[in-house]
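Undergrad: Sharing a model prediction with you, sequence too.
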Amino acid sequence: MSPIAEHPRKSFPPDHSTAQPGVPDHSSRSDHNNHDDHSHEHGGFELSDLVRVLFVALAAAAVWFHLWEPFHRVSVIGLAATLIGGYPIFKEALENIIERRMTMELSMTIALVAALAIREFFTALVITGFVLAAEILEGMTVGRGRRAIQDMLDFLPQTASVLREGEVIEVATQSITPGEIVLIRPGSRIPIDGQAVSGHSFVEQAAITGEPMPSEKSSGSEVYAGTMNQAGSLQVRATRLGKETTFGKIIEAVERAEHSRAPIQKMADRLAGYLVYFALGAAVLTFFITHNIRSTISVVIVAGACGIAAGTPLAILGAIGRAARHGAIIKGGIYLEALGQLDTVFFNKTGTLTLGAPTATEVEPTAGTSVKTLLRAAGSAERGSEHPLGRAIVRYATDQGVATEEPIGFRYEIGRGISALVSGEHVIAGNRNFLESSSVVVPPDQLANGTKVHVASRGRYLGFISIADAVRTSATTAVHALEAMKIRVILLTGDTSAAAFAVANQLGIFRLRADLLPEAKMAEITERTRRGEVVAMIGDGINDAPALSEATVGVAMGAGTDVARESADVVLIGNDLMKFVETVRIARNCRRVILQNFYGTLIVDTIGIGLAASGFLNPLLAAFIHVASELTFILNSTRLLASRRESTDVNKEAAFTGVKA
């Protein structure tokens, strides 16, 4: 069915300095995409549409009760009401003829003209009323999907408090310019990307980090449009506005994805056209065999393809919107479709499966030495170190509440370790050879994950601290979930085999390749895709960009590099890998719903045409089956739209920010 009415979206100036924050510029969107999508876009309905349906219903009642029939063979009310009420159908049919497109409007027009020709005026009115009512319901249903982006826009405030000439004034958000100081009050949503210059607060940005606790903000901290300031006040210097904000780029990515056409959507459009041809051919054959015009009209009426034509883009829109609400930006319907058929997932290690930063994972003191003593000695000695391992030890000691002090006479030997005076005691920390060269007796190596930093004080061995790139808390669950979905999980890394095996064993990954250069990663993925596998690559660094581009679907971590995010087809907001798993589930569900609509439409149309041709369906019953079946399949697609409760929960959590989509 064609749209009854199209409600335009809000229009905002394209310039980033004046644009509504978070709203992308659509001026560059191709006319081709707009034309492609026009046939199935529904923006709701207007009062005139409802009036038209009521008018047709009243006219049908008048014809049924023979209220005014001045002519014996022609119902003036029936003829006039059908032509007036069915104007949108006839208009669409004429446009389709001019564009040489076969659609349901054209087949319904043929059925209505045939009904009028045999003086089935009541039937023609009922069919017209059914079709118009179906278009209203369909428009309301699809309009619910269109509101997903508007819901995202509602995250952002329309006004903001800005410091100008020493005074705080309330201005329209779109009038803020880069460099201005914006006052963020407690309980308000942040309208711009920027850097805090004063104040102290906690900002709810769980969608960025995946952590439930608010992020502490003070002078120098970065804040993002759409996040919620919870406690104190902040003064923020605006750095990015409008479509340039991370929030705006996400909305732009979602809208771009909404207007892209997946291969399955193009197939749905072709199938809808074939169904119309099939129905018209069956009608001609029915007339030649039975010479029954009522059966012939019933054949044309019963076939419905809107369940496919409108249900498919609605399912894709709903899936992309739901994925965005769960923290994944899919940049096009083609990638959503690919995720629904995923065979293999390649994971990068550092920064993807792991945190990408050295972390103390194990503290093992010797007998007679406490953990606190070991951490105090190592943390104090390493306080002046810039080495990643040393900083990890200091950070861990601080997190454990162990007080450290500034060392004296700090000395670092490259590749070996450090030595320093701590409270008058000579402390050394480093590898086994470094301690043994200082006449410290180091016990035989014990099994430990990661790199061991041995510590001694006054020539006595205190123990060791094991440091490793810690695995993300969500990684194990995500890997097991993908394996349960019969998706192969493979680890690709440039790290050593030992480090790769350690992480793989911890996560339960049974396939891996290590010591790979970026070109080797890309070659591995190219070979898989050449064999016909549907492959996803998940990474976060510059060296992952070639592999991301080569995969069927490239997936970038939200906290990764700009290059990785630009090369990716899907961007995860934050670093929770379960967001990717949920996105795959949504994509599979979307494909399942679309196929249900495909097969359901084919079955209903085939049976309906057979019954109509055999004389078991009159035009009224055929119209009811047509409308009921197509609305059933469209409503089936709405199952993919985010529920009202789900939308509310996400609104409470945080805006989708922090990603350059």
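TA: Arrived safely. Numbering: from 1, shown residues only.
Undergrad: hang on, Met522 packs against Ala545?
TA: No: in this structure Met522 lies outside contact range of Ala545 using Cβ atoms under 8 Å: 9.4 Å. Using the backbone N, CA and C atoms, a C-beta is placed for each residue, glycine as well.
Undergrad: element containing Ser198?
TA: strand 193-199 (DSSP states H and E).
Undergrad: Which helix or strand lies directly C-terminal to the helix or strand bottoming out on mean pLDDT in the chain?
TA: Ranked by mean pLDDT, DSSP states H and E, the weakest helix or strand in the chain is helix 31-38, scoring a mean of 38. Next along the chain after helix 31-38, taking DSSP H and E as the criterion, comes helix 47-64.
Undergrad: who does that following helix touch, helix- and strand-wise?
TA: helix 76-85, helix 121-153 (3 or more Cβ pairs under 8 Å, 6 or more residues apart in numbering; DSSP states H and E).
Undergrad: Buried residues in it, which are they?
TA: Neighbour-count burial for helix 47-64 flags Asp49, Arg52, Val53, Phe55, Val56, Ala57, Ala59, Ala60, Ala62, Val63 (criterion: 16 or more other Cβ atoms under 10 Å).
Undergrad: Which of those residues sits closest to Glu362?
TA: Distances from Glu362 to the buried residues of helix 47-64, taken as Cβ to Cβ, are shortest for Asp49 (68.8 Å).
Undergrad: what's the spacing between that closest one and Gly608?
TA: 27 Å (Cβ to Cβ, to the nearest Å).
Undergrad: So Leu106 sits against Glu95, correct?
TA: No: with contact defined as Cβ under 8 Å, Leu106 does not reach Glu95; the gap is 9.5 Å.
Undergrad: For the stretch 151-300 of the chain, which segments count as helices?
TA: 206-209, 246-259, 263-290, 293-302 (DSSP state H, counting those that start in this stretch).
Undergrad: Mean pLDDT lowest where, among those?
TA: Lowest mean pLDDT within the helices of the stretch 151-300 of the chain: helix 206-209, at a mean of 46.
Undergrad: and Ala623, what does it touch?
TA: Contacts of Ala623 were listed using Cβ atoms under 8 Å, 6 or more residues apart in numbering, and they are Val126, Ile127, Phe130, Val131, Ile301, Val302.
Undergrad: Correct me if wrong, but it is in a strand.
TA: No: Ala623 is assigned helix when assessed by DSSP: H, G, I helix; E, B strand; the rest coil, not a strand.
Undergrad: Please shift the residue numbers so they start at 373 in all later answers.
TA: Sure, I'll start counting at 373 from here, so that last one is Ala995.
Undergrad: Check the gap between it and Ile499 for me.
TA: 4 Å.
Undergrad: Now do the contacts for Thr848.
TA: Gln878, Leu879, Gly880.
Undergrad: Could you rerun that using 6 Å?
TA: Each residue near Thr848 by Cβ atoms under 6 Å, 6 or more residues apart in numbering is listed here: Leu879.
Undergrad: can you pull the buried residues of stretch 965-979?
TA: Val965, Ile966, Gln968, Asn969, Phe970, Gly972, Thr973, Val976, Asp977.
Undergrad: From these, which land in helices?
TA: Val965, Ile966, Gln968, Asn969, Phe970, Gly972, Thr973, Val976, Asp977 (DSSP state H).
Undergrad: And the pLDDT at Pro380?
TA: 31.
Undergrad: circling back to that earlier point, now, which of the buried residues of helix 419-436 sits nearest Leu643?
TA: Nearest to Leu643 out of those is Asp421 (Cβ to Cβ; 27.6 Å).
Undergrad: hmm, back to that, can you list the ones in helices among the buried residues of stretch 965-979 in CSV and add distance to Ser547 and pLDDT?
TA: Listed next are these as CSV, based on distance: Cβ to Cβ, whole Å; pLDDT from 0 to 100:
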residue, distance to Ser547, pLDDT
Val965, 44, 93
Ile966, 44, 92
Gln968, 49, 94
Asn969, 46, 91
Phe970, 50, 91
Gly972, 52, 92
Thr973, 51, 90
Val976, 55, 92
Asp977, 55, 90
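Undergrad: Tell me which two in the residues you listed are the farthest apart.
TA: Maximum pairwise distance in those, criterion Cβ to Cβ, is 18.4 Å, between Val965 and Asp977.
Undergrad: Quick check: what element follows the helix or strand containing Ala908 along the chain?
TA: Secondary structure from DSSP H and E places Ala908 in strand 907-911. Using DSSP H and E, the helix or strand that follows strand 907-911 in sequence is helix 917-922.
Undergrad: For the closest residue to Ser593 other than its chain neighbours, give me its contacts.
TA: Distance criterion Cβ to Cβ, 6 or more residues apart in numbering; nearest residue to Ser593, sequence neighbours excluded, is Ala568 at 4.6 Å. Neighbouring residues of Ala568 by Cβ under 6 Å, 6+ apart: Lys589, Ser591, Ser593, Leu606, Val608.
Undergrad: The first one - how many residues pack around it?
TA: Pointing back at Lys589 there. 26 (other Cβ atoms under 10 Å).
Undergrad: beta partners of it?
TA: Applying DSSP bridges to Lys589 gives these bridge partners: Ser573.
Undergrad: That one reaches His572, doesn't it?
TA: No: counting by Cβ atoms under 6 Å, Lys589 does not reach His572; the two are 7.2 Å apart.
Undergrad: what about Arg472, distance to Gly645?
TA: 11 Å.
Undergrad: Have a look at those two and say which one is more surrounded.
TA: Gly645 (16 against 6).
Undergrad: Doesn't Glu736 belong to a strand?
TA: Yes: residue state for Glu736 (three-state DSSP) corresponds to a strand.
Undergrad: and it, what is it in contact with?
TA: Per Cβ under 6 Å, 6+ apart, neighbours of Glu736: Gly835, Phe836.
Undergrad: Enumerate the beta-bridge partners assigned to it.
TA: Phe836.
Undergrad: Low-confidence regions, the stretch 823-972 of the chain specifically.
TA: 913-915, 930-939 (pLDDT under 70).
Undergrad: Go again with 80.
TA: 823, 840-842, 867-868, 870-871, 912-917, 930-939, 945-946 (pLDDT under 80).
Undergrad: likewise the stretch 673-822 of the chain?
TA: 676-679, 681-682, 697, 722, 728-729, 756, 758-760, 786-787, 817-822.
Undergrad: Strands along that one, start to end?
TA: Remark: strands assigned in the stretch 673-822 of the chain by DSSP state E, counting those that start in this stretch are 700-702, 716-720, 726-737, 780-785, 789-794, 797-802.
Undergrad: residues in contact with the second one?
TA: Looking back up the chat, that one is strand 716-720. By Cβ under 6 Å, 6+ apart, strand 716-720 touches 725, 854, 859-864, 905, 907-911, 916.
Undergrad: For the residues you listed, work out which two are farthest apart.
TA: Top of the distance list for those (Cβ to Cβ): Leu725 and Glu905, 20.9 Å.
Undergrad: the more surrounded of these two?
TA: Leu725 (27 against 15).
Undergrad: and that one, what does it touch?
TA: Phe719, Ala847.
Undergrad: Tell me how far it lies from Ser752.
TA: In this view, Leu725 and Ser752 are 33 Å apart by Cβ to Cβ.
Undergrad: One more: Ser447?
TA: Following Cβ to Cβ, the distance that separates Ser447 from Ser752 is 99 Å.
Undergrad: got it, and Ile966?
TA: Distance from Ile966 to Ser752, by Cβ to Cβ: 63 Å.
Undergrad: just to revisit the earlier point, mind putting the strands of the stretch 673-822 of the chain into JSON lines with distance to Gly835?
TA: JSON lines is the format used below for the strands of the stretch 673-822 of the chain (distance: least, Cβ to Cβ, whole Å):
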{"stretch": "strand 700-702", "distance to Gly835": "43"}
{"stretch": "strand 716-720", "distance to Gly835": "33"}
{"stretch": "strand 726-737", "distance to Gly835": "4"}
{"stretch": "strand 780-785", "distance to Gly835": "21"}
{"stretch": "strand 789-794", "distance to Gly835": "15"}
{"stretch": "strand 797-802", "distance to Gly835": "11"}
